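Peer 1: dropping a prediction and its sequence here:
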Amino acid sequence: MSIQLYNTLTRKKERFVPLEEGKVKMYVCGPTVYNYIHIGNARPVIAFDTVRRYLEYRGYEVNYVSNFTDVDDKIIKAANDLNEEVGELTERFIQAYFEDVHALGCEKATAHPRVTEHIEDIVKFIRLLIEKGYAYETNGDVYYRTREFDGYGKLSHQSIDELKVGARIEENVIKSDPLDFALWKTAKEGEVSWDSPWGKGRPGWHIECSVMARELLGDTIDIHAGGQDLTFPHHENEIAQSEAATGKTFANYWMHNGYINIDNEKMSKSLGNFVLVHDIRKQINPKVLRFFMLSVHYRHPVNFAQELVESAANGLERIQTAYNNLQHRLTLSADLAEDSQQWITGIDEQITAFETAMDDDFNTANAIAVVFELSKQANIYLLEKNTDSCVLQRFIEAFDLLMGVLGLPFETAAELVDDEVDSLIQERLEARKNRDFSRADEIRDELKAKGIVLEDTAQGTRWKRG
RNA sequence: GGCGGCAUAGCCAAGCGGUAAGGCACGGGUCUGCAACACCCUUACCACCGGUUCGAUUCCGGUUGCCGCCUCCA
């Protein structure tokens, strides 16, 4: 089977075929670092981290690049407000980004380029665009001549004339067309700036991604991804810049994730309902957040609400419990059981079902449903009087494999050894044998107060942290 | 005005031509000394109106209701 993915460019699911067999060049637009990231910023990071993991699972070598926009108007403003150097501020929030995103189970990209490290490349790129007649300089600003690029609008599927009609762009006499956009902005008094052929200034927003993608991945890449709202104008402009400069296709596949709403409302500054990952992960297990987001297809909107996250947490708990119970059973004497092959075949079928789900445009909602099915199978197997350690092992491997692809590895059961708890459990076992249930319940309550939940099974008592 | 998305059980969410996956919550059983975990059972006129089809939740047209982009917001 091959991977099918939805390409914004064609508005269809397409079979994924990379430029180079076995390798994927992927670029994901990263954050502007002037604050902690909010959960809306986190969605593409999680979604495309999962895409990457699955591609790797499928045997691809993925060169995954995600940038930091570390100079722009908002950053300059934030730095001024906080009376902090731009470089200090961005460094601070870049580190915070790594912490937040790591907590959410996302791997580091192959490269995390920053705009300020690529100014020279950007200047060179802009000069190329000017030479080719796609850009012009006015008073120290450089603009992209949108009308010059034939394919403008092909990603957002708008004709350039429609865009012009709808454009609520303030009259800017400097630009020769309202749809033209800045490649280079002349510096205002006291602003951070770099030298250029057009005087002191800094890059416009869109140019950075064109340049860094090209520098790190080449003229044509396989997948370019980001939030839905970046489709226009950001990605549209990137295409215009890159394809005008190189004469080649910029990216073969464009992927865009849907929005996050808060309590059914758009997350916005005016509503004051921004949820920062930095804050929320103190209240909600970040793994639950990831699981919650992956329970909806990446192109659909996700509604973030307390009760929905809680029910996701319960679901994840169910999976974790099944996994723990398999581990627990494995520590007991391995019985020989019949029908082992049948169970193993069943497990393999689930793995195949998982792959089928993920092959279909990374349908994590269905993939998670498969993990639930696997949990059910495991629970049913644990009902058996005799279990085979090979089957238990195979279940555990399957769980590790699938949850690993989702970026949701299980907690290691290292803390399963606790002498004090064990001796209390032994004492309780004795008490129960002597039908001293009040003492038994006392011990159970005592442990519960410490956050340890006991579960009696036919094979003995197991415990977990509740 | 242009482009696009969504409407499926109490809630969340897949499916997208052959009479509806999964999860959470609820109810009833089983297991248990009691619990917990778990298992079993039960629960859907797929927004509305037309059309195409042997057959539509799934395709086409329309209606209604939400939502997004067209503003350097993921």
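Peer 2: Structure's in. What do you need?

Peer 1: mind checking how far A:A79 is from A:I443?
Peer 2: Separation of A:A79 from A:I443 (CB to CB, to the nearest Å): 58 Å. In short, each C-beta sits where N, CA and C put it, glycine included.

Peer 1: if you could redo that for A:Q350, that was the one I meant.
Peer 2: Going from A:Q350 to A:I443 by CB to CB gives 38 Å.

Peer 1: for A:K282, pull up the helix or strand it's in.
Peer 2: Following DSSP states H and E, one finds A:K282 within helix A:277-283.

Peer 1: neighbour count winner among A:Q350 and A:I443?
Peer 2: Remark: of A:Q350 and A:I443, A:Q350 carries more neighbours, 21 against 18, as counted by other CB atoms under 10 Å.

Peer 1: hang on, the earlier thing: other SSEs contacting the helix holding A:K282?
Peer 2: Judged by 3 or more CB pairs under 8 Å, 6 or more residues apart in numbering; DSSP states H and E, the packing partners of helix A:277-283 are helix A:39-57, helix A:86-103, helix A:286-294.

Peer 1: got JSON lines for those, with mean pLDDT, distance to A:Y381 and mean neighbour count too?
Peer 2: Output for those, formatted as JSON lines (pLDDT from 0 to 100; distance: least, CB to CB, whole Å; neighbours: other CB atoms under 10 Å):
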{"stretch": "helix A:39-57", "mean pLDDT": "97", "distance to A:Y381": "25", "mean neighbour count": "23"}
{"stretch": "helix A:86-103", "mean pLDDT": "96", "distance to A:Y381": "33", "mean neighbour count": "17"}
{"stretch": "helix A:286-294", "mean pLDDT": "97", "distance to A:Y381": "23", "mean neighbour count": "23"}
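
Peer 1: closest one to RNA strand B among these?
Peer 2: Among the helices and strands packed on helix A:277-283, the nearest to RNA strand B by CB to the nearest atom of the strand is helix A:39-57 (2.6 Å).

Peer 1: got the angle between the helix or strand just after that closest one and helix A:86-103?
Peer 2: Under the assignment DSSP H and E, the closest C-terminal helix or strand after helix A:39-57 is strand A:61-66. Interaxial angle of strand A:61-66 relative to helix A:86-103 (axes from the mean of the first three to the mean of the last three CA atoms, to 10 degrees): 140 degrees.

Peer 1: and strand A:61-66, how far from the chain's centre?
Peer 2: Distance of strand A:61-66 from the chain centroid (CA atoms, centre = their mean, to the nearest Å) equals 13 Å.

Peer 1: that strand and RNA strand B in contact?
Peer 2: No. Using CB under 7 Å from any atom of the strand, strand A:61-66 stays clear of RNA strand B, with a minimum separation of 10.7 Å.

Peer 1: which parts of the stretch 351-466 of chain A sit against RNA strand B?
Peer 2: Applying CB under 7 Å from any atom of the strand, we find that the stretch 351-466 of chain A lies next to RNA strand B at A:360, A:363, A:365-366, A:368-369, A:372-373, A:375-376, A:379-380, A:382-383, A:432, A:437, A:440-441, A:444, A:453-457.

Peer 1: can I get the helices and strands packed on helix A:277-283 in CSV including distance to A:F399?
Peer 2: CSV is the format used below for those (distance: least, CB to CB, whole Å):
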stretch, distance to A:F399
helix A:39-57, 14
helix A:86-103, 22
helix A:286-294, 14
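
Peer 1: what's the weakest-modelled helix or strand in chain A?
Peer 2: Using mean pLDDT, DSSP states H and E, helix A:160-166 stands out as the lowest-scoring helix or strand of chain A, at a mean of 72.

Peer 1: following the chain past that helix, name the next helix or strand.
Peer 2: Remark: after helix A:160-166, the chain's next helix or strand is strand A:181-186, criterion DSSP H and E.

Peer 1: which strands or helices does that next one pack on?
Peer 2: Packed against strand A:181-186, as judged by 3+ CB pairs under 8 Å, 6+ apart, are the following elements: helix A:119-131, strand A:141-144, strand A:201-203.

Peer 1: what residues sit buried inside the longest one?
Peer 2: This points to helix A:119-131. A:I119, A:D121, A:I122, A:V123, A:F125, A:I126, A:L129, A:I130 (16 or more other CB atoms under 10 Å).

Peer 1: can you dump the C-alpha coordinates of it into PDB?
Peer 2: Once non-C-alpha atoms are left out, helix A:119-131 reads as follows in PDB (Å, rounded to 0.1, in the frame of the first residue of the first chain):
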ATOM      1  CA  ILE A 119      20.200  37.300   6.100                       C
ATOM      2  CA  GLU A 120      22.900  37.000   3.500                       C
ATOM      3  CA  ASP A 121      21.100  34.200   1.700                       C
ATOM      4  CA  ILE A 122      17.900  36.300   1.800                       C
ATOM      5  CA  VAL A 123      19.600  39.300   0.400                       C
ATOM      6  CA  LYS A 124      21.100  37.200  -2.400                       C
ATOM      7  CA  PHE A 125      17.700  35.700  -3.100                       C
ATOM      8  CA  ILE A 126      16.000  39.100  -3.300                       C
ATOM      9  CA  ARG A 127      18.700  40.300  -5.700                       C
ATOM     10  CA  LEU A 128      18.000  37.400  -7.900                       C
ATOM     11  CA  LEU A 129      14.300  38.300  -7.900                       C
ATOM     12  CA  ILE A 130      15.100  41.900  -8.800                       C
ATOM     13  CA  GLU A 131      17.400  40.700 -11.600                       C
END
